[in-house]
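In: test case, fold it:
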Amino acid sequence: MKIGKLLLLVCAFVVPISLAGCTSEKTDTAGHEEGHDHDHEGHSHEESGPHGGHLIELGEEAYHLEWAHDDGTLTFYVLDGAAKEEVKIPAENLQINVTVEGETKSWDVPAVRAEGEDTTAKFETKDESLFALVNDDETKATVDVEIEGKPYQGAIEHHHHGHSH
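Out: Presented below is the predicted three-dimensional model:
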């Protein structure tokens, strides 16, 4: 008889506790996810541009540069302040400044223009040494570009999606 009552008491306590545990867990998770979504939304434009590349802010988001590095090719696109639309400019090239161990070297990245066009949003180079340097964590690199007569400079930052070594 005593064992039966004891079991009833144990059951009576276990059920509300486990239910309370479930409810508070759900609330915490939902609250956490909402907060996470909000944070991600606020910074999503920094992740990648319309071509899937990394973004560089120019002049407090007056413009952006998107850069992609695939198969030994560095490609830069000039984008608007929202980092959504390409902005075509008449520049002949962009300039990349790379600082390694206190020494700075500069490279020109030529404009890629369609035939008959005198403006473009795309700049590209297959320079192997520049490609290697820009992709090196130890390297500090900046890019200079003139848009509508005004010079801009942005830092090329490394965004790792996982280590391959």
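In: and the helices in the protein?
Out: Applying DSSP state H to the chain gives helices spanning 2-43, 128-134.
In: worst average pLDDT in the ones you listed?
Out: Of all those, the minimum mean pLDDT falls on helix 2-43 (a mean of 47).
In: identify the residues contacting the residue nearest to residue 105 when sequence neighbours are not counted.
Out: With C-beta to C-beta, 6 or more residues apart in numbering as the criterion, residue 105 has its nearest non-adjacent residue at 5.5 Å, and that residue is residue 98. No exception for glycine: its C-beta is placed from N, CA and C like everyone else's. Contacts for residue 98 (C-beta atoms under 8 Å, 6 or more residues apart in numbering) come out as 104-107, 130, 133-134, 139-141.
In: let's see that with 6 Å instead.
Out: For residue 98, the contact set (C-beta atoms under 6 Å, 6 or more residues apart in numbering) comprises 105, 133, 139, 141.
In: so which of those residues is the most crowded?
Out: residue 141 (23 neighbours; other C-beta atoms under 10 Å).
In: quick one: it from residue 62, how far?
Out: Distance of residue 141 to residue 62, given as C-beta to C-beta, to the nearest Å: 21 Å.
In: equivalent analysis for residue 84, please.
Out: From residue 84 over to residue 62 (counting by C-beta to C-beta), the distance is 14 Å.
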